[in-house]
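Visitor: Predicted model, plus sequence, below.
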Amino acid sequence: MEGFTPDGEPERYETTTPSLYDWAGGREALVRLLTIFYGHVLEDPLLEPVFRDMDPHHAEHVAVWLGEVFGGPPAYTGSHGGHAHMIGRHLGRGITEPQRRRWVSLLLDAADEAGLPGDPEFRAAFAGYVEWGSRLAVVFSAPGAEPNPHEPVPRWDWPMPPWPQAGP
Ligand code: HEM
């Protein structure tokens, strides 16, 4: 009978929820996403002036950051200078709200173009992080802002699991 094992025991659902990193498709998917995204950023009149001098490895570095945030390897902390380095790259840039909104909008579009999972749970988690993180970027890029450089790289998780979890 459906929902029971051959021994008549209730069937258990999978109990380990994958990380957002694994669900997204891992490093390869994130590099694909950010390569597409920064390509569009450079075609955008509002964002091109902000990014025209970006490091040639910028997309890859942000992919490493996102990977760590989404529960992948802690490689941004390990070899890219961690949270303090990310903060330092935004200090004094004076990112405006229209620039932030465009950045978010292009990144959400790039998620479709890169073929990231389209399920509501993943996209809610993804959009939630991007909204949160970009608003922080505006706050700590403002003139005179003094963000705490000693915070760890944040960890983001599912707002709700991607499938029903079994009870105890
Ligand atoms: C969730 C939001 C954001 C995240 C996670 C993020 C992440 C990062 C990271 C990790 C770096 C450093 C990359 C490295 O190690 O080389 C960086 C740099 C930078 N970010 Fe952001 N960022 C966000 C929002 C924004 C926004 C909204 C803007 C402007 C509209 C922006 C503009 C920049 C610029 C101009 C740099 C320096 C690029 C370079 O010179 O290489 N960021 N960002």
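Guide: Happy to help now that I have it.

Visitor: and stretch 90-102, which residues are buried?
Guide: Counting neighbours by 16 or more other CB atoms under 10 Å, one finds that the buried residues in stretch 90-102 are 90, 95, 99, 100, 102. (Glycine included, C-beta is placed from N, CA and C.)

Visitor: actually stretch 111-130, sorry about that
Guide: 111, 114, 116, 117, 121, 122, 125, 126, 129, 130.

Visitor: sorry, back to before: among the buried residues of stretch 90-102, which are located in helices?
Guide: 90, 99, 100, 102 (DSSP state H).

Visitor: which ones among the buried residues of stretch 90-102 come in contact with the ligand?
Guide: Subset of the buried residues of stretch 90-102 in contact with the ligand: 90, 95, 99, 100, counting by CB under 6 Å from any ligand atom.

Visitor: Now for the residue positioned nearest the centre of the chain: which residues touch it?
Guide: When CA atoms, centre = their mean is applied to the chain, the residue found nearest the centroid is residue 66 (4.3 Å). Residues in contact with residue 66 (CB atoms under 8 Å, 6 or more residues apart in numbering) are 30, 34.

Visitor: Start the count at 43 instead of 1 going forward.
Guide: Taking 43 as the first residue, the last one we looked at is residue 108.

Visitor: That one and the ligand: what is the separation?
Guide: 6 Å (CB to the nearest ligand atom, to the nearest Å).

Visitor: quick one: that residue from residue 94, how far?
Guide: Residue 108 sits 22 Å away from residue 94, going by CB to CB, to the nearest Å.

Visitor: before we move on, what about residue 149?
Guide: Applying CB to CB to residue 149 and residue 94 gives a distance of 18 Å.

Visitor: In terms of packing, which of these two has more residues around it?
Guide: Higher neighbour count among residue 149 and residue 94: residue 149, with 22 against 9, using other CB atoms under 10 Å.

Visitor: Distance check, that one against residue 62.
Guide: 15 Å.

Visitor: Most proximal residue of the chain with respect to the ligand?
Guide: residue 175 (2.4 Å; CB to the nearest ligand atom).

Visitor: For that residue, which three-state class applies?
Guide: Per DSSP: H, G, I helix; E, B strand; the rest coil, the secondary structure class of residue 175 is helix.

Visitor: Based on its surroundings, how many neighbours for it?
Guide: Neighbours of residue 175 under the rule other CB under 10 Å: 16.

Visitor: And the pLDDT at it?
Guide: Residue 175 is assigned a pLDDT of 98 by the prediction.

Visitor: try residue 59
Guide: pLDDT, residue 59: 88.
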